[in-house]
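Colleague: My questions concern the predicted model and sequence given below.
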Amino acid sequence: MKTQQKCIMVVDDNRLAAAMLSDILEQAGYLVLKAESGIEALRLVQQGPIDLVLLDIMMPDMDGYEVVRQLRNDTRTYNTPIILLSSFQGTAEKVKGFELGADDYITKPFVPAELLARVMAHLRRSRLTMASNPLTGLPGNATIEERLMERVNSSRPFAVLYIDLDNFKAYNDAYGFLQGDEMIRLLADVLQQVVEQYGNKGDLLGHIGGDDFVLITTPDKIDIVCEQVIAQFESRSKQLYEVGSEELLPATLSIAAVTNEFQQFSDHLEVAKMAATLKQQAKSVARSTYVKSSRLAPSKDAPSILIIDDDRLVSAVLQANFEQKGYSIMLVNSVLAATLAMRNYRPDLVILDVFLPGTSGFAFCQRLKSNRETAGIPVLMVSSTAVKEQALEAGADAFLQKPFNITVLMQTVDQLLRK
């Protein structure tokens, strides 16, 4: 029996009874600590984590009820499962134990198989409780990572949806954290209902924390689940606004859908990295939306784009959008890196940030346009400041100011490539 060496403390002043309990538990693979009194039990708790306590009620110095009370007042054992053992079979004794915080009550003499079954059940429930998000009760990071690694290591197709609330901080600031918690619980409820109705039986819905959720499902469920989640959330979330204010602080959803249909992942971190890129792309749209990963391998005739920008977020968003269209992308974060790259690389288009480490984008653009070999390459300059005139004077073919609209940027790039 695989127990992963869970530690169980047996508290009983009867040495024979304690020895019998220890033998049963150790044969099942558990690590056992023994205490002959309540005081010794409280001392052992301070020395290290204990996964479960088997506690006799009748002891001389401190009875089991007082031990339960003190264990429940200690942050180290507040959630530790406690099973009371007693030869008393009366209801009053059981009720008192449950009122003080005990999780179970077993009367002596007991059947070893039943005792082990109850121990395993409480340890399992404890593990699930510790791994769950306290606000929504959904599985937390540990369970999500474990299940995702199972999918990554298998050959079966999977899809991972990362669901994020946009404008949640503004909503939280305006309405308070209690109302913010209601918004998160509402989203959790919507997700649970949609998964139950449209998902698969083995799907996992988890709560990473805050306003971030994860759904592990199959690729064929992406569209229906995303569409239903967005529609139902937008409909139901209106009840959490003051009348007429939902348009002022609209809480929208950004969903990144990553699938292994087109590429293989080595671990859950690679999945999360791709999801982060897709989620930023979704967030660039001023409404609830979802973005799916697609085939990343560009065709031989696909346009090639050199992106020169030291802002990693901007580069990631641009890369996600262009790779969605099958373009070949090279990312660099400085003029020096771009100069070295272009010795063996001739892109069809250059997207160039104005302000870069070492030298300005203006100077680099002027060098490109003054060189016969690179003069014909279209240059789209971008900047967070309004320097369109200077960009065009430096030779840029077009200019966009950050933050730019993705649709406008894609249209501009298409126009430049057609030239």
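Modeller: Happy to help now that I have it.
Colleague: any idea how this protein splits into domains?
Modeller: For the chain, automatic domain parsing gives the domain ranges 7-130, 141-292, 304-418.
Colleague: got JSON lines for the ones you listed, with mean neighbour count and mean pLDDT too?
Modeller: Quick note: C-beta positions are derived from backbone N, CA and C, even for glycine. Shown next, in JSON lines, are those (neighbours: other C-beta atoms under 10 Å; pLDDT from 0 to 100):
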{"stretch": "domain 7-130", "mean neighbour count": "17", "mean pLDDT": "88"}
{"stretch": "domain 141-292", "mean neighbour count": "17", "mean pLDDT": "88"}
{"stretch": "domain 304-418", "mean neighbour count": "17", "mean pLDDT": "87"}
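Colleague: Which parts of the stretch 51-200 of the chain are helices?
Modeller: Assigned by DSSP state H, counting those that start in this stretch, the helices in the stretch 51-200 of the chain fall at 64-72, 91-100, 112-130, 141-153, 168-175, 177-198.
Colleague: Which SSE is immediately downstream of the longest one?
Modeller: Tracing the chain C-terminally past helix 177-198 and defining elements by DSSP states H and E, one meets strand 204-209 next.
Colleague: returning to that earlier point: so which of the helices of the stretch 51-200 of the chain gets nearest Asp211?
Modeller: helix 168-175 (4.6 Å; C-beta to C-beta).
Colleague: Can you pull out the residues in contact with the closest one?
Modeller: Helix 168-175 has contacts (C-beta atoms under 8 Å, 6 or more residues apart in numbering) with 179-180, 183, 210-211, 240, 249, 251.
Colleague: and the angle from that helix to helix 177-198?
Modeller: Between helix 168-175 and helix 177-198, the angle comes out at 130 degrees (axes from the mean of the first three to the mean of the last three C-alpha atoms, to 10 degrees).
Colleague: Restricting the selection to alpha carbons, write helix 168-175 to CSV.
Modeller: C-alpha atoms of helix 168-175 as CSV (Å, rounded to 0.1, in the frame of the first residue of the first chain):
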residue,chain,number,x,y,z
PHE,A,168,-10.7,43.3,-11.9
LYS,A,169,-8.5,45.6,-9.8
ALA,A,170,-10.5,48.6,-10.9
TYR,A,171,-13.7,46.8,-9.9
ASN,A,172,-12.2,45.7,-6.6
ASP,A,173,-11.1,49.3,-5.8
ALA,A,174,-14.6,50.7,-6.7
TYR,A,175,-16.8,48.1,-4.9
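Colleague: Offset the numbering so it begins at 46, please.
Modeller: All right, first residue 46 from here; so that's helix 213-220.
Colleague: now it, how far from the centre of its chain.
Modeller: Computed by C-alpha atoms, centre = their mean, to the nearest Å, the chain-centroid distance of helix 213-220 equals 21 Å.
Colleague: And stretch 193-210, by the same measure?
Modeller: Computed by C-alpha atoms, centre = their mean, the chain-centroid distance of stretch 193-210 equals 11 Å.
Colleague: Pull up the distance across that stretch, start to finish.
Modeller: Stretch 193-210 has its terminal residues 22 Å apart, counting by C-alpha to C-alpha, to the nearest Å.
Colleague: Which residues does it contact?
Modeller: By C-beta under 8 Å, 6+ apart, stretch 193-210 touches 228-229, 232, 236, 256-264, 266-267, 270-271, 274, 296-306, 310-313, 316-317, 320, 323-324, 328, 335.
Colleague: Out of those residues, name the ones that lie in strands.
Modeller: Mapping these onto strands (DSSP state E) picks out 257-262, 297-304, 335.
Colleague: Doesn't Glu279 belong to a strand?
Modeller: No: Glu279: not assigned to a strand; according to DSSP: H, G, I helix; E, B strand; the rest coil it is helix.
Colleague: wait, isn't it in contact with Arg332?
Modeller: No: contact criterion C-beta atoms under 8 Å: Glu279 and Arg332 do not qualify, at 9.1 Å.
Colleague: Tell me the residues that contact both of the two, please.
Modeller: Thr297.
Colleague: show me the contacts for Asp226.
Modeller: By C-beta under 8 Å, 6+ apart, the contact list for Asp226 reads Leu180.
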